[in-house]
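Chemist: everything below, folded, please.
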Amino acid sequence: MASKVRLYVDHPLGEGQLVPLSRDQAHYLFGVMRMSAGTVLSLINGRDGEWDAEVAEAGKRGGVLACQAQTKPMQYPPDLWLLFAPIRKERMSFIVEKATELGAAKIMPVQTAYTNNGDRVRIEKLQAQVVEATEQCGGTFVPEMTAPAKLKQVLAGWDASRTLYFCDEAMIGETAGFTGPPPENGAAILIGPEGGFSPEEREMLRNLPYSQIISLGPRILRAETAAVAALTLWQNAMGDWQ
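Modeler: Purely as a prediction, here's the structure:
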């Protein structure tokens, strides 16, 4: 039986496939988790589902795992993106972690007029947190983490067939949730910064033909709370929670 350890590897997975380990991976498995030859763990790579793998070689600077059998097929989330304005580091990490757990297919930091932390986004660290969240939540799909971009630039190249749900704090008190049939060509949720959207941004978003304005209930939510609430409401109404 496989241990509770799940490890992401950037390597093909299949029956009999040998998977080499990096120095950091070897340190984690053999130094931190105290695994040894013959131990079985779970592997994912974001493409081939989940596999049991046995430690074939264990060393301080490397090792080899041998795939045995697939334990979970590849499971893709709904085609749902999360766009959010960067906030303080620890809260931004929370958004990325929870978006992964809640089944976002792509996570996109966007710089808005009132964004205060746009120049301090460390994509490599956030992508590592996406991988860690996928390992811990039992998922097999690793969401894409994009580099920060200005909101206007993102919308300038937007595919108009993808529905954009604009979480507008001005809608406070209105009925929360998502209405209408599920979008046929994918969806995205946009969460603003701690200072909200500027009047110009709000007017622009309201006039986009592919934008739908939604409320998140009777109270103003912090940015990280709004992201979790919106993803939860969407997954329950239109996603894979149905």
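
Chemist: how distant is stretch 158-169 from the center of its chain?
Modeler: Centre-to-centre, stretch 158-169 and its host chain are 18 Å apart (CA atoms, centre = their mean, to the nearest Å).

Chemist: how about stretch 151-160?
Modeler: Chain-centre distance of stretch 151-160: 20 Å, with CA atoms, centre = their mean.

Chemist: and stretch 170-177, by the same measure?
Modeler: 25 Å.

Chemist: got the buried residues for that stretch?
Modeler: Neighbour-count burial for stretch 170-177 flags Ala176 (criterion: 16 or more other CB atoms under 10 Å). All C-beta spots, glycine's among them, are computed from the backbone N, C-alpha and C.

Chemist: now it: average pLDDT?
Modeler: The average pLDDT for stretch 170-177 rounds to 84.

Chemist: what's the first-to-last distance across that stretch?
Modeler: Stretch 170-177 has an end-to-end distance of 15 Å (CA to CA, to the nearest Å).

Chemist: equivalent analysis for stretch 42-59, please.
Modeler: Between the opening and closing residues of stretch 42-59 lies a distance of 19 Å (CA to CA).

Chemist: and what of stretch 55-69?
Modeler: Span of stretch 55-69 from end to end, CA to CA: 14 Å.

Chemist: in this protein, which spans are strands?
Modeler: Applying DSSP state E to the chain gives strands spanning 6-8, 18-21, 40-44, 50-58, 63-72, 80-84, 106-111, 144-145, 149-150, 163-167, 187-191, 211-214.

Chemist: doesn't Leu233 make contact with Gly177?
Modeler: Yes - using CB atoms under 8 Å, Gly177 is in contact with Leu233, at 5.2 Å.
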